[in-house]
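J.: how would this look folded up:
(chains A and B)
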Amino acid sequence: MNKEVAIIGGGPSGLAAATTLKRLGVERVTLIEREAQAGGIPRHCGHPPFGMREFGRVLDGPRYARRLVERADKLGVDIRCSTSVVSLQPHGVLTLSDNNGQSHLKAERVVLATGVREGSRAARFIGGDRTRGIVSTGALQSLVYLEKMRPFKRPIIIGSELVSFSALLTCQHAGIKPCAIIEQNPRITARLFALGLPFVRGVSVMTHTEVVRILGDGRVTGVVVRNLNSGKEETIDADGVIVSGRFTPESTLARMGGLMLDPASGGAAVDQYGRTSDSRIFVAGNALRPVETAGWSWREGVKIGQLLAEDLLNEPADTLPECSIMVHEPIRYVVPQRIRLPLSKNNLGDVQLRVSRPVKGKLFVKINGKMIWSRRLHSLPERRITIPIKIFSVLDGGEAIEIGLSE
Amino acid sequence: MSDPNLSWSNQHFDVVVIGGGVVGAALLRRFTLEGAKALLLEKAPDILDGASKGNSAILHTGFDAPTDSVEHWCIRQGRKEFLDIHEALGLPLVKTGALVVAWSKEEQQRLPSLLEKANANGVDDVRMLSRAEIQQREPALAPGVTGGFEVPQEYIIDPWTTPYAYLLQALCNGATVTRNSEVLEGSFDGAQWHLKTTTGQCTADVVINAAGLYGDTLEQRLIGRSAFSIRPRKGQFVVYDKAASALLSSILLPVPTETTKGIVLTRTVFGNLLVGPTAEEQDSREDWSTDSQTLEMLHATAVRMLPALADIPITATYAGVRPATEEKEYRIRALADQRYVAVGGIRSTGLSSALGIAQYVYNLYQREIGAAHKAIAEPAIPSELPQISEYGPRLWQAADNGGIVCHCELVTQADIDRALCGPLPAKTLAGLKRRTRATMGRCQGFYCTARLAALSEQHLDEPIAEHYE
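T.: The predicted structure is shown next:
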């Protein structure tokens, strides 16, 4: 098949999609990576576990990333590093920038595999002084693992998601000693066993606590926190702040390119094939939603690769009937956001969803008000919850799909 | 061209300007172009580190300035000069126009008098608009708007590159700029000034106080008393991601009150949209902090005016502190017998009026102090200015840019090299950000901090991070 597919982003999902496309005989697969090396976020996660799904063994992030890249390379994926996609135009035209300046690329299909970023201090409206020494986990990890540099010695960590503990590991690697983990919710977001991990010792975990303001004079000197139970404020001395988690898909290209976005997931709205409102453009991995493991993203990339290889046999079709999935609290988001008919067997496999608070009850799917599927659900925020897509085979088109939770 | 590190100390200058904000920058440029040997002293490690670092980046017409005030004259003249020189200097200008918009009956009733004032201020192209006309121009605006008028010549400019260019032009025409130089002592001996700073000393015929937030304390230090006192007024801002700029074409000005121009919604030349400022009186000149309640209030206000903003990422928040005084008028005066000029109380309009202030002060200098120089016949134009406007050519589009470092703001290695190695190089991370916009986008350094730390390591006074073993 001599049609060009462009993949934007060389993390696990982008590399998986590219590799799969090549395996399935698509001749021209170009992967565009803005960093000097492909591999994505795992490149600067200098710790295990990565690679069980993909290689059947436990690797650390950089080794895992290297193996994904080698495999894509061997299969003949054209990996263009140090190249940024600046904008997305209709009909698969991309504006690129690299050391040679601006250029364009036209592709038959495009995969957005641009990943996620953490919610910044500004986006969270954390007040206080504007000072050096406030970084995201991503920035900290690339400083430590790629540059062998550290921005502080005794920071506090805001957030208690899985990534916050990853930040803690990174600190340990660089001889940084965090003094506290601050979590707004009554309990930590990561699985509780995380608290028992040896590297957490000596770090005070303050739940139900919010950051009131960051103090600093050129650089961070402390953080004022407030206990949400007692209302009491205290100042913690620190020389830095790690603002961790609250991931959001990196959807700028989709947004500026006029694709339909889903404000709930933060990603482009897709159907069960990962296809956006522009039928030439697909999404894979964490660009779909915040946030999944590298292994899950890789699996999605493989799927999208398979679906695309099939889709390339046809002209891009816009006019198929589709049904949108409606959700409401406490369901935070659902991916895919719509089911396009006809429902082929080969699809993303699951509807993924997340809840916004701890829940206990019955998860249900209604079509035109009639319950067609349900199961018991006991879950927490940031936990993966899935519903098999095959239950939607009863759709004829035009129905209202509702996913809800009765508690 | 003068090397800022070269010893300026122990030299004599015609004029010493104290303060490296937008006003000081414009003054240094004006006096240099008029032929004076001029020095600018800045106490911070980098320029534009005070009141000039946080404003709304609008080139005002002066339509609502106090009629016949010095401020009004300076805005008019400053704006005129800016429009004359911005192309030659390569400074961005986006001709957005502004809408003064009323959201209530009370505000609607105040519109005619504002319109009248605009006419009295010589801004005669203002025009009343109906609710329907406003909605047609700004379809994303919330339905609650009751009416308003347009001010076609309110524009947006680059708040950092603009004063930076004034300084660079002064430099390439023979001026000297020195940073980290706080004036510790100054005295006039009847013939000349003797200034002692943290990095050296010099003599001067005339001293100009453009110390912004510290104008009154500097005046106290120099002449033993101060004719004005600074009443710091903080303004917080929220910046939205680039997708937001498609939601608004004009600058959206509220109906102003006696004390403040109110909360503005405007595009920026960097392709964002910003809302702010608040007007919070405070004692501290050094409190640039934001607070979450105010930021949330600003966000809510913005969403009320432009509902689609609710779904657009917030990229940055910041606060500026304006050097207001006990009076609304600018506090500009010359003391001829002491060869001293104070330029104080330049509040929100400083970016628009700076070039006008510089003309005004130069006129004062000639008239009151009786000094004369031979103007430079053909002033040199600085090269390699930052190219960071979203509405102009960018280095990422050109060959040999070294690749993009900050992906959100499309800042290349060439942009960063320029900022770190130019004639007035960045010495702090904040200075580097202002010259390039690196880390100022939606990810706030998630991706580029590490690379930036490595690239800037040898250049900044206070590095972003340090190596460890």
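J.: Only C-alpha atoms from now on, for both contacts and neighbour counts.
T.: Noted.
J.: Give me the phi and psi angles of A:Ile182.
T.: Recorded main-chain torsions at A:Ile182 are phi -110, psi 120, according to degrees, to the nearest 10.
J.: quick one: the strands in the stretch 301-407 of chain A?
T.: Taking DSSP state E, counting those that start in this stretch as the test, the strands found in the stretch 301-407 of chain A are A:322-327, A:331-335, A:338-340, A:350-355, A:359-367, A:370-379, A:385-388, A:401-406.
J.: ditto for the stretch 301-450 of chain B
T.: Counting by DSSP E, counting those that start in this stretch, the segments of the stretch 301-450 of chain B that form strands are B:314-325, B:331-335, B:340-344, B:404-406, B:411-412.
J.: which one of those strands lies closest to chain A?
T.: Taking CA to the nearest CA, strand B:314-325 is the member of these nearest to chain A, at 5.0 Å.
J.: Close to chain A: what parts of the stretch 101-250 of chain B are there?
T.: B:Ala243 (CA under 8 Å from any CA of the partner chain).
J.: can you map out the helices along the stretch 101-250 of chain B?
T.: B:105-120, B:131-137, B:161-172, B:215-223 (DSSP state H, counting those that start in this stretch).
J.: tell me the domain ranges of the chain?
T.: Chain wasn't specified; assuming chain A. A:1-118+A:247-314, A:127-243, A:321-407 (automatic domain parsing).
J.: The intended chain is chain B.
T.: If you go by automatic domain parsing, the domain ranges for chain B are B:12-54+B:160-230+B:327-369, B:93-156+B:231-323, B:395-456.
J.: Nearest the middle, which residue of chain A would you pick?
T.: A:Asn286 (2.8 Å; CA atoms, centre = their mean).
J.: Would you confirm that it contacts A:Arg117?
T.: No. In terms of CA atoms under 8 Å, A:Asn286 does not count as a neighbour of A:Arg117; the distance is 9.4 Å.
J.: what's the overlap in contacts for these two?
T.: Residues touching both A:Asn286 and A:Arg117 (CA atoms under 8 Å, 6 or more residues apart in numbering or on different chains) are A:Pro249.
J.: Could you count how many residues lie near A:Glu329?
T.: By other CA atoms under 10 Å in any protein chain shown, the residues close to A:Glu329 number 11.
J.: residues contacting it?
T.: With CA under 8 Å, 6+ apart, A:Glu329 has these contacts: A:Val355, A:Ser356, A:Gly404.
J.: What of A:Cys81?
T.: Listed by CA under 8 Å, 6+ apart, the contact set of A:Cys81 reads A:Ile32, A:Glu33, A:Arg34, A:Glu35, A:Ala36, A:Gln37, A:Ala38.
J.: got the residues you listed as CSV, with secondary structure columns?
T.: Shown next, in CSV, are the contacts of A:Cys81 (DSSP: H, G, I helix; E, B strand; the rest coil):
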residue, secondary structure
A:Ile32, strand
A:Glu33, coil
A:Arg34, coil
A:Glu35, coil
A:Ala36, coil
A:Gln37, coil
A:Ala38, coil
